[in-house]
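Asker: need a structure here:
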Amino acid sequence: EMLFGINTVKISSAEGIGFAVPINNVKPIIKKLEAKGEVNSATLGVYAYDKDIVPYINEQLGTKMNLEECYEAIDSDYDDVMRRLGSETLVRKFVLKFLDDTSFRGLKEGLENQDAELAFRSAHTLKGVCMNLGFTKLFEVSSALTEELRDREIKENTTEMFEEVEREYTRTIEAIKGLC
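Answerer: Model prediction:
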């Protein structure tokens with residue numbers, strides 16, 4: 001077996017892109033470790049994370065993300081919502097209130113109980129709230145589901161569409177919790 005380097009970072013959104021420490025840089029460190037049992041070395045202190053993992057990292061470290069990072073984590077347009085609402089304090093207030101919004105629960109309940117009217121009204125409300133808050137991805141999938149339910153019928157692909165909404169809703173809620 002030959003060791004060429006130690007992989008330190010792999011970019012998950014790009015095929016075949018990663019960063020490694022060359023073996024020639026690692027060998028002296030291994031020798032120091034063997035001789036002294038520890039190594040003290042300077043680091044640059046720059047870290048990069050995939051935007052999908054930031055909420056998880058913040059949760060593990062007990063740190064909060066800022067509002068712009070929250071919007072980035074859910075692929076939404078922070079600048080647009082700031083232009084429309086004008087105040088980060090106001091946006092943050094409404095974003096945090098989204099945690100108490102009942103439209104997703106109503107949508108889920110409506111679909112579980114085959115109540116197409118409740119499902120439609122809830123999907124429509126969720127769509128509107130997401131549009132106003134600039135939650136782009138959740139708006140898109142809830143808008144599509146709203147149109148699917150517009151004639152107040154639960155159809156064959158409604159469940160699949162709901163699953164997309166549920167994924168984006170969960171992702172959005174997790175990002176918002178990173179603000180708390």
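
Asker: the residue nearest to Phe104 when sequence neighbours are not counted: neighbour count?
Answerer: Spatial nearest neighbour of Phe104, excluding adjacent residues (Cβ to Cβ, 6 or more residues apart in numbering): Tyr169 at 5.2 Å. Just so you know, the C-beta spots here come from the backbone N, C-alpha and C atoms, and that holds for glycine as well. Other residues near Tyr169 come to 24 when the count uses other Cβ atoms under 10 Å.

Asker: average model confidence for the helix or strand harbouring Tyr169?
Answerer: Using DSSP states H and E, the element containing Tyr169 is helix 158-177. Helix 158-177 comes out with an average pLDDT of 95.

Asker: OK, contacts around the residue nearest to Phe104?
Answerer: Listed by Cβ atoms under 8 Å, 6 or more residues apart in numbering, the contact set of Tyr169 reads Phe104, Leu126, Leu138.

Asker: roughly how far does it sit from Lys36?
Answerer: Distance, Tyr169 to Lys36, using Cβ to Cβ, to the nearest Å: 52 Å.

Asker: now the farthest one out in this structure, which residue is it?
Answerer: Among the C-alpha atoms of the chain, the one farthest from their average position, using Cα atoms, centre = their mean, is that of Ala35, at 44.3 Å.

Asker: tell me which element that residue falls in.
Answerer: Using DSSP H and E, Ala35 sits in helix 23-36.

Asker: good, wrapping up.
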